[in-house]
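Colleague: How does the following fold in three dimensions:
(one chain, ligands or ions: 1)
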Amino acid sequence: MAATPVMQLPVISECSAEGCAYNHEHTCHAVAITVGDTDAPVCDTFVSADTDGGEPSVTGRVGACKMADCRHNSGLECHAPAISVGYEQEQVDCLTYARA
Ligand code: SF4
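Modeller: All right, here's what the predicted structure looks like:
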């Protein structure tokens, strides 16, 4: 029986939020992040903690995104090939977010 193709989760090509426990040298190591709250494309996985978070061998990917109005979003999943994350004013946002 043929295997069902599995959607490749979008990779986080860069994240400038060095204050996040999952961040090491501008690379996110969370296995899968969640993006979005009710009205802004924030990185909902950001955490400021003393513990090193994530899996060092892994580059983070987008597990889920709540920004239904983004042009890359379908069914609350991100379909961009890659995203970047960084500060927008005081908040850490998906910088690839683009209103449809
Ligand atoms: S590009 Fe759009 S759909 Fe993908 S994570 Fe960013 S806000 Fe969500």
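Colleague: The ligand contacts on the protein?
Modeller: The chain comes close to the ligand at residues 35, 41, 62, 65, 67, 70, 72-73, 78, 80, 83, 94, 96-97, as judged by C-beta under 6 Å from any ligand atom. C-beta here means a position set from N, CA and C on the backbone, and glycine is covered the same way.
Colleague: I'd guessed Thr59 sits against His29; true?
Modeller: Yes. Counting by C-beta atoms under 8 Å, Thr59 does reach His29; the two are 7.2 Å apart.
Colleague: Between these two, which has more neighbouring residues?
Modeller: Neighbours were tallied for Thr59 and for His29 using other C-beta atoms under 10 Å; the higher tally belongs to His29 (20 against 17).
Colleague: The closest residue to that one other than its chain neighbours: neighbour count?
Modeller: Closest residue in space to His29, ignoring its immediate chain neighbours: Gly54 at 3.1 Å, by C-beta to C-beta, 6 or more residues apart in numbering. A total of 20 residues lie near Gly54 under the criterion other C-beta under 10 Å.
Colleague: quick one: the strands in the chain?
Modeller: According to DSSP state E, the chain carries its strands in the segments 11-15, 23-24, 27-28, 33-35, 62-65, 73-74, 77-78, 82-88, 91-94.
Colleague: What is the third one packed up against?
Modeller: Think strand 27-28. Contact analysis of strand 27-28 by 3 or more C-beta pairs under 8 Å, 6 or more residues apart in numbering; DSSP states H and E lists strand 11-15 as its packing neighbours.
Colleague: For this structure, give me the ranges with low pLDDT.
Modeller: For the chain, the stretches flagged by pLDDT under 70 are 1.
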